[in-house]
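In: no sequence on this one, just coordinates:
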């Protein structure tokens, strides 16, 4: 029994073979291609990647909030606490959203309703998922606001009366109002200034520890990943091309793309005359390369890379990489 | 550089590989025409309008009946080989009236919208680009005009100017100005704040060139559809004016006026309202299709 | 050596319904030819307005701008035209900085046509040269902005700025909207162009790692005022102003084994409308005292290192002791 519990705990969220395709102008957009990852209770997974790498689509697919009109295909297994979310009927899913799983969106300016007070907006979420009276839900809303560092006196104010950083705090308070077990944060600090970002990241880290929430942190900023995440999934062209612990990724990056990303980043602690950019552009998601999706830009690519699809391989315990060469290197090293 | 990412090859197909001389320069009148020809719906619209205009001009030469000849013996006659579209309550041939009436309806539409769009766009562009006191004066004046319903304003203007075909055009043209000015100003304000306008200033672009080359081409596209739709609307408004005796005077067979008078017979003789209605519908639809196509042709984002 | 650009007590105020916004308030600095000066600060600190005021996209309220030794603060007409050929700007947003209805070729030849120096075949040749210089493939000459990725659009913007052969370029967050791998491409291009043409950059950004990489000296701005300026190396080694310290410590570090000790400052930026005299950072500063409510002077603390903080000496003594 105990063993069973531990196993369940290990895989609080498990995503297997997630595929998302959109339809756009008569073409199929392969936004997410066979993405798999696990997340344990109380841990944070960083989904890192550039614009169009499919990070947000992964998050929306987990919450099942992909746009109906353009989504052509959304398949795979998403197990939360052993329950397959993809198989749940919509009304069950509605109960789950905002309650067990909630999401923080990138832009706090558009995530709030401008004609309702912030307390009302938080209270609404509470009331939707809990059998409470209006007074109780408002009470809870005030408590949440104080938790994210906003004085309860401001509960009756409207979103426009808050600054950007404060609005993002309100959004976070709303997301945490029902004690979610899984929080998906989509670039929660990208729209904020650095000093405000520092405040918000500190707060998220603190709250996560207090509430033991699991989190998926979507970001393009490797610095944010370094500060908040336990495991990291690097996405490229809708695939997780490297996945492992924070130490695996930052100390031993193995996929040429991950290595390239670190080299392209101006380093705060090292002087370099010129940066080493990754040549070229990410592939068109309507027309992905036949083999490895990074092969057109990869300096080490061979004919084999270009022609055969590459599977994710475990190159060290818990460290996965979608690269033939990295896998080969790992085996030779072991020998 | 292994820089042939697929995204760009798409751009190449659009920009580079196309034989350069095949289509005229983007934005030129010839180019717009070429694009319309590629769009079957818009082409149908152009053909429909042209056919109407030609038939209208030639109708006195090939039709058996005159639009104003009253023949009480065939009053309210239903469509037959003699009268293809039937006759109205005074026995006038509906086909002849519709074809002749196209002159009035279409030209009222064209000319009045030409007046309101030209003046409205110029005023709106000036108000939006210069802002400040110019904006205040122009917009407050137009606000006052816009405070009256457009038709009421048109009635008031034609009450001052008098009745008749030309007066009707002025009345409708003037009363349509605030609408265009308002739209243009709003568009200009969005465009003016964009960085490429600042960039134009920084490379020594004169104010006039900025307005003409950078601001207006970007602000005008949504208005083109509006123009085409307004042509149809102005035709309808003209008929309302005729209905209360201020617009085109009887016996001129304006379509709206025909519709108005046929109203009374809708149960017994539906053909009397059906045919003018059908032609109004076709012309409105055609203008809208053409308008959409012109807007798309002017938008480089919709090149294919 | 005379500085290429010297700004003295520059002020830019915007009157609004609620009061006067002090976007740039009493900023002075000098910049030598061929160097890059980074201007950092958070949104609303006036760094973009500073750049735009210097290149005369906006009129200054007060103060002096000297370019190549000449006072250009109030130039007009022909002289302004000539000045603009020497001072250009590269914008932040490669989406809104290009006219969506003009192709790459049209955008790049526009300044050439306006300068009146090129005509006919010479114009086309010059356009090709510029496109080649900024790394735009010639097959893209007929492409429109929406058909290109952010990096290429930004290259077009750079090409337009370079068309008039400027000496000084304001780079207003040119890489903030780009992904990391593309950002590196554009930064390298900017640095190569600087080497080739001895360009002088004023690099406005909120990204401190970029600024550290590209600039020779740095100005830190807070609410319209300069709070600290010195060599890049010096700033990253020893910041003296409490705001600079907090700003630098707030950058998330990619070094997972030596996380930076973060100084989290409370509160948010106050409104720049009719600010009170005195240090504008005082409301958030952990070391604020009575004296901070008096106007602060930019003072040379160590050679070449200017700080506007009345407690700079005592605070930094305390720091060096700990």
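Out: Thanks, I have it. For clarity, every value in this text was computed on a predicted model and none was experimentally measured. Numbering: from 1, shown residues only, chains lettered A, B, ... in the order given.

In: Once you drop chain neighbours, what's closest to residue 106?
Out: Just going to use chain A. Of all residues not flanking residue A:106 in the chain, residue A:187 sits nearest, at 4.1 Å (Cβ to Cβ, 6 or more residues apart in numbering or on different chains). (Glycine included, C-beta is placed from N, CA and C.)

In: The chain in question should be chain C.
Out: residue C:99 (7.9 Å).

In: Look at the one you found and tell me its secondary structure.
Out: Classification of residue C:99 using DSSP: H, G, I helix; E, B strand; the rest coil returns coil.

In: With residue B:210 instead?
Out: Assigned by three-state DSSP, the conformation of residue B:210 is helix.

In: From what I see, residue B:39 and residue B:294 are in contact.
Out: No: assessed by Cβ atoms under 8 Å, residue B:39 is found out of contact with residue B:294, at 9.9 Å.

In: who's more crowded, the two?
Out: Neighbours around residue B:39 and residue B:294, counted as other Cβ atoms under 10 Å in any protein chain shown, are more numerous at residue B:294. The numbers are 21 against 18.

In: what's the distance between the more buried one and residue B:36?
Out: Distance from residue B:294 to residue B:36, counting by Cβ to Cβ, to the nearest Å: 7 Å.

In: go on, residue B:257?
Out: 32 Å.

In: More neighbours: which of those two?
Out: Set residue B:257 next to residue B:36 and count neighbours by other Cβ under 10 Å: residue B:257 wins out with 27 against 19.

In: Surely that one is in contact with residue B:249?
Out: No: here residue B:257 lies out of contact with residue B:249, judged by Cβ under 8 Å, at a distance of 9.2 Å.

In: got the contact list for the residue nearest to residue C:106?
Out: For residue C:99, the residues meeting the contact criterion (Cβ atoms under 8 Å, 6 or more residues apart in numbering or on different chains) are B:196, B:200, B:214, B:218, C:106-107, C:145.

In: Show me what the top helix by length along chain C is packed up against.
Out: Criterion DSSP state H: the longest helix present in chain C is helix C:180-197. Helices and strands touching helix C:180-197, by 3 or more Cβ pairs under 8 Å, 6 or more residues apart in numbering or on different chains; DSSP states H and E, are helix A:256-264, helix C:150-162, helix C:208-214.

In: longest helix in chain B, by residue count?
Out: helix B:94-130.

In: pLDDT score assigned to the residue nearest to residue C:106?
Out: With respect to pLDDT, residue C:99 has a value of 91.

In: Check residue B:28 too.
Out: pLDDT at residue B:28 comes out at 69.

In: Enumerate the residues of the stretch 1-150 of chain C near chain B.
Out: Counting by Cβ under 8 Å from any Cβ of the partner chain, the residues of the stretch 1-150 of chain C close to chain B are C:52, C:55, C:57, C:81, C:84-85, C:87-89, C:91-93, C:96-101, C:103, C:110-111, C:114-115, C:139-144, C:146-149.

In: out of these, which are inside helices?
Out: C:52, C:81, C:84-85, C:110-111, C:114-115.

In: Could you give me the ChimeraX selection string for whichever of those are buried?
Out: Command for ChimeraX, covering only those of these found buried under the criterion 16 or more other Cβ atoms under 10 Å in any protein chain shown:
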select /C:52,84,85,110,111,114,115
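
In: which one of the ones in helices among the residues of the stretch 1-150 of chain C next to chain B sits closest to residue C:22?
Out: residue C:52 (15.5 Å; Cβ to Cβ).

In: How is the closest residue to residue A:237 other than its chain neighbours assigned, secondary-structure-wise?
Out: Excluding its sequence neighbours, the residue lying closest to residue A:237 (Cβ to Cβ, 6+ apart) is residue A:293, at 3.9 Å. Of the three states, residue A:293 takes coil under three-state DSSP.

In: which non-adjacent residue is nearest the residue in the stretch 51-200 of chain A that chain B sits nearest to?
Out: Of all residues in the stretch 51-200 of chain A, residue A:52 sits closest to chain B, at 9.6 Å by Cβ to the nearest Cβ. Excluding its sequence neighbours, the residue lying closest to residue A:52 (Cβ to Cβ, 6+ apart) is residue A:282, at 6.1 Å.

In: Next one: the one you found, what pLDDT does it get?
Out: Residue A:282 is given a pLDDT of 86.

In: Using the three-state scheme, assign it.
Out: coil.

In: From residue A:266, how far off is it?
Out: For residue A:282, the distance to residue A:266 equals 20 Å [Cβ to Cβ].

In: Neighbour count: the two, which is higher?
Out: It is residue A:282, of residue A:282 and residue A:266, that has more neighbours when counted by other Cβ under 10 Å, with 26 against 20.

In: one step back: between the contacts of residue C:99, which sits nearest chain A?
Out: Checking those one by one against chain A (Cβ to the nearest Cβ), the nearest turns out to be residue C:145, at 15.6 Å.

In: wait, that closest one sits on residue C:154?
Out: No: using Cβ under 8 Å, residue C:145 is not in contact with residue C:154; the gap is 10.6 Å.

In: who touches both of the two?
Out: Any residue near both residue C:145 and residue C:154 by Cβ under 8 Å, 6+ apart counts here, and that gives residue C:94.

In: Comparing these two, which residue is more hemmed in?
Out: residue C:154 (30 against 24).

In: how many neighbours does the closest residue to that one other than its chain neighbours have?
Out: Using Cβ to Cβ, 6+ apart and skipping the chain neighbours, the partner closest in space to residue C:154 is residue C:94 (4.3 Å). Neighbour count for residue C:94, taken as other Cβ under 10 Å: 26.

In: Residue C:94 reaches residue C:153, doesn't it?
Out: Yes: between residue C:94 and residue C:153 there is a contact under Cβ under 8 Å: 3.5 Å.

In: What residues of the strand or helix carrying residue B:138 count as buried?
Out: Using DSSP states H and E, residue B:138 falls within helix B:132-146. Using 16+ other Cβ under 10 Å as the test for burial, helix B:132-146 gives B:135, B:138-139, B:142, B:145-146.
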